[in-house]
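Asker: what's the 3D shape of this:
(2 chains)
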Amino acid sequence: MSTVATRKPSVGTPIPADGGPARSRRKRRQILGRNPIGMLFSAPYLLFVLAVFAYPLVFAVWMSFHDYFFAAPGAQIDRAFVGLDNFREVLSDPAIIRSFGNVGIFLLINVPLTVVLSLVLATALNKAVRFRTFLRVAYFVPYITASVAVVGVWLFLFNGSGLVNQLLGPLAPSPTWLINSAWAMPIIALFVTWKQLGFFILLYLAALQNVSEELYEAASTDGAGKIRSFFSITVPGVRPATVLVLLLATVTGANLFTEPYLLTGGGGPNGASTSPVLLMYQRGIEQGSPDTAAAIGVLLVIGVLIIAFVQRKLAGGDES
Amino acid sequence: MNRTQKIIRGVVLGVGAFVFLFPFYYMVVGSLQASPDPTVAGAFPNPANLTLDNYAAINGRIDLLQGLVNSGIFAGGVILGTVVFGVLVGYALAQLQWRGRGVTFALALLVQVVPFQLLMIPLYVLIARDYGLADNYLGMILPFAINSTAVIVFRQYFLQLPKELFDAARIDGAGELKLLWSIALPLVRPALLTVVLLTFIGPWNEFLWPFLVTKDAALQPLAVSLANYLSNVASSAANPFGAILAGACVLAAPAVLIFILFQRHFVSTNIGSGVKG
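Answerer: All right, here's what the predicted structure looks like:
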């Protein structure tokens, strides 16, 4: 947990018995704090949070319970309260249910792969002496490159006559990867793992600095091998980072949009790789039912919260 | 450490580096090929097959320079808003005492876990429809105008400055804005650069939001126009992959170059503290 530095209000200077201006200043200080100008400094940020996060958040939930549709700006329209109708519509739509299932497949591949690969590479990198800078740059480059740019290369690599199939020869799946309903989602999960891994390696590298070297020395004198000490010292030592990596990887997965939109031409084949956010775009903006889209969004967030809660329980987040 | 373990570690790290870098190498090679060569031999460029035609071809369909300018305006607006307002609130959170400070800090942490997908539809309704800011730089910038991670990083850096420094200047009668400008800011200048670099990456690579609010090709950031080319136009081009990869190189180059030039500023602890708060 992060610690929030709170400073005790300092004891004011003794005030003259007759009160007067000093007392009113003290009173103002009690209400507004010692440096009221801090409020002025924070006002733009607070306004921003209110306008871009708080209000839209409430608006999204409100929208999901009403019959909402696009209208000309300024027109006064009665938006009828429809209760759970939008949610009923969402939950009875097989395409939407399928998109949630797709995120499930995505998470089952992406999350374990991310945790294992980033921890292994971070541990190896932590002890590496030569080429450290080069390796760090190499691992981080996909993370700082636009998805749209690297999607281009992946399309080239994984298309029917692409390099991957050339290497695999007769082992290449047919139809090829991104238009094969069994492979489309796993390839997207692989793409996202590859792209985000550098960030998680850096998180683990930072966490590894907090694992005491003495523990390894003690284990070594007790005769534990490298593999044994990796599992009994490193893995428990970076548990707080693992909880964070699990959460961030899950949130990234739930936010999936660019990859199915571009890699598989909008969630194809036959919806095998649609994601809820992609459907929110298609239903909400292309087909003009923002209320349905808002309901998908609310359900998605509830789903993420449940998964995050379960992960925290399983990974023992209470200790962090 | 014995020899075998060293070799295994070297192999793991080497394979990792190859897997991360090969697609980038292939992107550059592919963008220079006159005709697409997806065979294994195609990964080793044949000088006779190299050309800059693909860059000309993509530039004929989408105005690369205009796209770069639009991406730059988008990223620049976000950086400006984050640096100006983020520094103000970061300083107030770290060095000033005022009512609502705890709540403001809690909000800055909370905002990071609010998923953008839930906000996407209402923000689109508000910004593109109600405020009429579709096809407008302001509408593009607004949802990202102040990066909350940056606010927390700024607070962290201002917290490390000794309080006595400020108290002394206050006794001399300096105003808070002057304190911030002439004492606090010069001391955190390296941090400022890190935050600018980290803030730059977000909007430069952002696709979903500018894609939603810009339909006018003359205003689209490069990521959006390249994605539109990829999903609509590419199939009609003579060498679609060459053109796509040429566009991808142009989009990726600024971010990658900045990262390599300033890589020591992207220190793990900065990023870690930014995320963990």
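
Asker: which phi and psi does A:Gly225 have?
Answerer: phi -80, psi 180 (degrees, to the nearest 10).

Asker: err, A:Phe81, not the other one
Answerer: Phi and psi for A:Phe81, reported as degrees, to the nearest 10, are phi -70, psi 130.

Asker: To what extent is it buried, counted in neighbours?
Answerer: Here the number of neighbours of A:Phe81 (other Cβ atoms under 10 Å in any protein chain shown) works out to 10. The C-beta positions use only the backbone N, C-alpha and C, and glycine is treated the same way.

Asker: Quick one: residues contacting it.
Answerer: For A:Phe81, the contact set (Cβ atoms under 8 Å, 6 or more residues apart in numbering or on different chains) comprises A:Phe65, A:His66, A:Asp67.

Asker: in the sheet, who's paired with it?
Answerer: A:His66 (DSSP bridges).

Asker: residues contacting A:Ser273?
Answerer: Taking Cβ under 8 Å, 6+ apart, we find A:Ser273 in contact with A:Asn102, A:Ala184, A:Met185, A:Ile188, A:Pro260, A:Leu263, A:Thr264, A:Gly267.

Asker: can you pull the pLDDT of it?
Answerer: Looking at A:Ser273, its pLDDT is 89.

Asker: tell me the pLDDT at the spatially closest residue to it that is not a sequence neighbour?
Answerer: Once flanking residues are discounted, A:Ser273 sits nearest to A:Ala184: 4.0 Å by Cβ to Cβ, 6 or more residues apart in numbering or on different chains. Note on A:Ala184: pLDDT of 91.

Asker: re earlier: what about the contacts of A:Phe81, which one has the most neighbours?
Answerer: Among these, A:Phe65 has more neighbours than the rest - 19 neighbours, counting by other Cβ under 10 Å.

Asker: before we move on, the earlier item: compute the distance between the residue nearest to A:Ser273 and chain B, please.
Answerer: Relative to chain B, A:Ala184 is positioned 16 Å away (Cβ to the nearest Cβ, to the nearest Å).

Asker: Now which of the contacts of A:Ser273 would you call buried?
Answerer: Buried members of those, scored by 16 or more other Cβ atoms under 10 Å in any protein chain shown, are A:Asn102, A:Ala184, A:Met185, A:Ile188, A:Pro260, A:Leu263, A:Thr264, A:Gly267.

Asker: List just the nearest of those residues to chain B.
Answerer: For the buried ones among the contacts of A:Ser273, the minimum distance to chain B (Cβ to the nearest Cβ) is 9.7 Å, reached by A:Leu263.

Asker: isn't that closest one right next to A:Gly152, touching?
Answerer: No: taking contacts as Cβ atoms under 8 Å, A:Leu263 lies outside contact range of A:Gly152: 9.9 Å.

Asker: how about the helices of the stretch 1-150 of chain B, start to end?
Answerer: Secondary structure of the stretch 1-150 of chain B, counting by DSSP state H, counting those that start in this stretch: helices at B:3-32, B:53-61, B:64-95, B:101-111, B:116-123, B:137-141, B:148-159.

Asker: Columns distance to A:Arg29 and mean neighbour count on top of those helices, output as JSON lines?
Answerer: Listed next are those as JSON lines, based on distance: least, Cβ to Cβ, whole Å; neighbours: other Cβ atoms under 10 Å in any protein chain shown:
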{"stretch": "helix B:3-32", "distance to A:Arg29": "55", "mean neighbour count": "16"}
{"stretch": "helix B:53-61", "distance to A:Arg29": "62", "mean neighbour count": "18"}
{"stretch": "helix B:64-95", "distance to A:Arg29": "16", "mean neighbour count": "21"}
{"stretch": "helix B:101-111", "distance to A:Arg29": "14", "mean neighbour count": "18"}
{"stretch": "helix B:116-123", "distance to A:Arg29": "38", "mean neighbour count": "24"}
{"stretch": "helix B:137-141", "distance to A:Arg29": "38", "mean neighbour count": "20"}
{"stretch": "helix B:148-159", "distance to A:Arg29": "22", "mean neighbour count": "24"}
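
Asker: Please produce a markdown table containing these, extended by distance to chain A and mean pLDDT.
Answerer: Output for these, formatted as a markdown table (distance: least, Cβ to the nearest Cβ, whole Å; pLDDT from 0 to 100):
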| stretch | distance to chain A | mean pLDDT |
| --- | --- | --- |
| helix B:3-32 | 4 | 90 |
| helix B:53-61 | 11 | 88 |
| helix B:64-95 | 4 | 94 |
| helix B:101-111 | 5 | 91 |
| helix B:116-123 | 4 | 87 |
| helix B:137-141 | 11 | 94 |
| helix B:148-159 | 6 | 90 |
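
Asker: I am finished for the moment; much appreciated.
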